[in-house]
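Participant: with the input below, show me the fold.
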Amino acid sequence: HLQAVKRILRYLKGTTNLGISFYRSQNFSLLGYCDAYVGDKWERKNTSRGCHFLIRCLVSWTSKRKSTIALSTCEAEYVAVGQCLTQLLWIKHQLEDYDIYESSIPVLCDNTTVISISKSPIFHSRIKHIEIKHHFIRDYVQKGTFKLIYVKTEEQLKDIFTKPLQEDRYIWLTDRLGMELIGEQ
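Facilitator: Model prediction:
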């Protein structure tokens, strides 16, 4: 644990001038990235991660370790998609209060099985163990509220929230998240 604390403190010290940029736009488009990470070698509990963009600007992010163990990678990814969708729905409803409506919100996911499950119940026998509370994803995809889109794992933006990274990967991710140096360096 001491190593993790030291790593966090070094990160905080080295990024005091890093901030998130927001730019003006007439296009109020929403976008989500989501993924699951099973990095806990002992307990095998996964971490759901996601980042949510409005006008191509990062407005929220999550990284939450689950209290239960997923029985498959697919289940862990499906739960992560559900968590991402609930946050995007909340943002969508906030925008609707201001008469800004989104028709089909893209959600980028690196698991093709999850995308297939969201479109069709054909895989039912293989996913019976996934709790019904997560199947709201399929309803929203079929209604057209969300569109799950495949993204290569290396293009996922979520790694910055849970993994130690090489410098070039870290720089690429902070740039994609809209993070820039602010103030004096």
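
Participant: quick one: Trp117 and Val81, what's the gap?
Facilitator: Just to correct that, residue 117 is Ile rather than Trp. Remark: distance between Ile117 and Val81 (Cβ to Cβ, to the nearest Å) = 9 Å. Bear in mind the C-beta positions are built from the backbone N, C-alpha and C, glycine included.

Participant: what is the longest helix seen in the chain packed up against?
Facilitator: Taking DSSP state H as the criterion, the chain has its longest helix at helix 73-96. For helix 73-96, the contact count by 3 or more Cβ pairs under 8 Å, 6 or more residues apart in numbering; DSSP states H and E identifies strand 30-37, strand 47-54, strand 57-65, strand 105-109, helix 112-119, helix 136-143, strand 146-150 as packing neighbours.

Participant: now do the contacts for Lys45.
Facilitator: By Cβ atoms under 8 Å, 6 or more residues apart in numbering, the contact list for Lys45 reads Val38, Arg65, Lys66, Ser67, Thr68, Ile69.

Participant: which pair in those spans the largest distance?
Facilitator: The most widely separated members of the contacts of Lys45, counting by Cβ to Cβ, are Val38 and Ser67 (14.2 Å).

Participant: quick revisit: what residues sit buried inside the longest helix of the chain?
Facilitator: Applying a neighbour-count criterion of 16 or more other Cβ atoms under 10 Å, one finds 74-85, 87-89, 91-92 buried in helix 73-96.

Participant: quick one: average pLDDT of it?
Facilitator: What helix 73-96 shows for mean pLDDT is 90.

Participant: what about that helix, distance to the chain center?
Facilitator: For helix 73-96, the separation from the chain centroid amounts to 8 Å (computed by Cα atoms, centre = their mean, to the nearest Å).

Participant: that one vs strand 30-37, what angle?
Facilitator: Relative orientation of helix 73-96 with respect to strand 30-37: 160 degrees, computed using axes from the mean of the first three to the mean of the last three Cα atoms, to 10 degrees.
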